[in-house]
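Colleague: How does the following fold in three dimensions:
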Amino acid sequence: MLGKSFSIHVFPARSSSLGSEDCPLFACSLERMSALLEQFDRLFLEPDGSFVWVGWEGDGRNRRWQLDGMIYDVSGQVQRIELKGQCPHTNWLALLNTLAAKPQTICVQCLSSLQTYSGRDFELLIWPVA
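Modeller: Below is the predicted model:
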């Protein structure tokens with residue numbers, strides 16, 4: 001199921017943080033995260049950390065989806081990922097699995113409202129039957 005459109009920042013949850021209390025970090029470099037993302041078909045990544053991932057929902061390829069992203073790093077480690085667009089729930093889960101994250105290990109800040117959600121609460125907001 002294709003989810004609602006979103007514009008978010010994805011952070012590690014505080015309990016899995018490697019950074020300070022105010023600035024948790026993912027446990028990898030920009031280069032490592034880029035290498036992980038490059039395995040996806042139709043994901044196009046630039047050296048600066050910006051990327052676009054496109055696809056079609058279902059076999060009929062009748063509903064196109066797209067995620068635009070930006071990876072932000074600090075002192076050699078990824079701090080957050082910005083994502084804008086929409087995608088099927090299965091692709092969201094594939095993205096998290098590739099980054100060795102689970103919904104309970106991330107927090108998501110919606111940029112329009114500045115509300116912060118657990119990964120699981122965000123999933124239920126975007127894909128209500130997930």
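
Colleague: in this protein, which helix or strand is least confident?
Modeller: helix 89-98 (a mean of 88; mean pLDDT, DSSP states H and E).

Colleague: Okay, buried residues for that one please.
Modeller: 91-92, 95-96 (16 or more other C-beta atoms under 10 Å). Quick note: C-beta positions are derived from backbone N, CA and C, even for glycine.

Colleague: Would you reformat the residues you listed as TSV and include distance to residue 50?
Modeller: What follows is the buried residues of helix 89-98, written out as TSV (distance: C-beta to C-beta, whole Å):
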residue	distance to residue 50
91	18
92	19
95	15
96	20
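
Colleague: so which of those residues comes closest to residue 3?
Modeller: The nearest member of these to residue 3, counting by C-beta to C-beta, is residue 92 at 7.1 Å.

Colleague: what packs against the least confident helix or strand of the chain?
Modeller: Judged by 3 or more C-beta pairs under 8 Å, 6 or more residues apart in numbering; DSSP states H and E, the packing partners of helix 89-98 are helix 119-126.

Colleague: which strands and helices sit next to the helix it packs on?
Modeller: helix 89-98, strand 106-110.

Colleague: how about 6 Å then?
Modeller: Judged by 3 or more C-beta pairs under 6 Å, 6 or more residues apart in numbering; DSSP states H and E, helix 119-126 has no packing partners among the helices and strands.

Colleague: Show me what counts as buried in the lengthiest strand in the chain.
Modeller: Taking DSSP state E as the criterion, the chain has its longest strand at strand 63-74. Buried residues in strand 63-74, counted by 16+ other C-beta under 10 Å: 65, 67, 69, 71, 73.
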